[in-house]
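I would like to see how this sequence folds:
(one chain, ligands or ions: 1)
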Amino acid sequence: MSEAWAAILPRLVACPECHGEGTIEEGYAYPHNAGRDIGEIIMETVSCPECGGMGEIPPPDEEEEEEEEEEEEDE
Ligand SMILES: [Zn+2]
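Now for the predicted structure:
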């Protein structure tokens, strides 16, 4: 296993969507028969669409300006 390829890749960060799990639980509304208005939510574990199941994603634009809290300074 060569680690050379890893060195050129941007540093990955844990996916905020699945918290590095690679999968998320998704709830599906599963309607019951007509006449019964109470549906059922089926929780299903699916691959995280955010990271494609990798659990890690490239960090957001590094050049992105950090949001600075506006602090009113007395002058
Ligand atoms: Zn993810």
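
What parts of the chain come near the ion?
Within the chain, the positions adjacent to the ion are 15, 17-18, 48, 50-51 by C-beta under 5 Å from the ion. For every residue, glycine as well, the C-beta is placed using N, CA and C.

Leaving out chain neighbours, which residue sits closest to the spatially most central residue of the chain?
Compute the mean C-alpha point of the chain, and by C-alpha atoms, centre = their mean the closest residue is Glu17, 1.9 Å away. Nearest non-adjacent residue to Glu17, counting by C-beta to C-beta, 6 or more residues apart in numbering: Glu50, 3.6 Å away.

ok, now Tyr28?
Nearest non-adjacent residue to Tyr28, counting by C-beta to C-beta, 6+ apart: Ile42, 4.6 Å away.

swap in Gly20?
Gly20's closest residue in space is Ala14 (C-beta to C-beta, 6+ apart), at 3.8 Å.

Tell me if I'm right that that neighbour and Cys48 touch.
No - applying C-beta atoms under 8 Å, one finds Ala14 not in contact with Cys48, separated by 11.0 Å.

quick one, which of the two is more surrounded?
Remark: of Ala14 and Cys48, Cys48 carries more neighbours, 22 against 13, as counted by other C-beta atoms under 10 Å.

Show me the strands in this structure, by range?
13-14, 23-30, 40-47, 56-57 (DSSP state E).

Would you map the helices across this protein?
Counting by DSSP state H, the chain has helices at residues 4-8.

Lowest average confidence across helices and strands of it, where is it?
helix 4-8 (a mean of 65; mean pLDDT, DSSP states H and E).

got any ranges where this protein has weak pLDDT?
1-3, 5-10, 32, 34, 36, 62-67 (pLDDT under 70).

hmm, back to that, show me what contacts the residue nearest to Glu17?
By C-beta atoms under 8 Å, 6 or more residues apart in numbering, the contact set of Glu50 is 15-18, 57.
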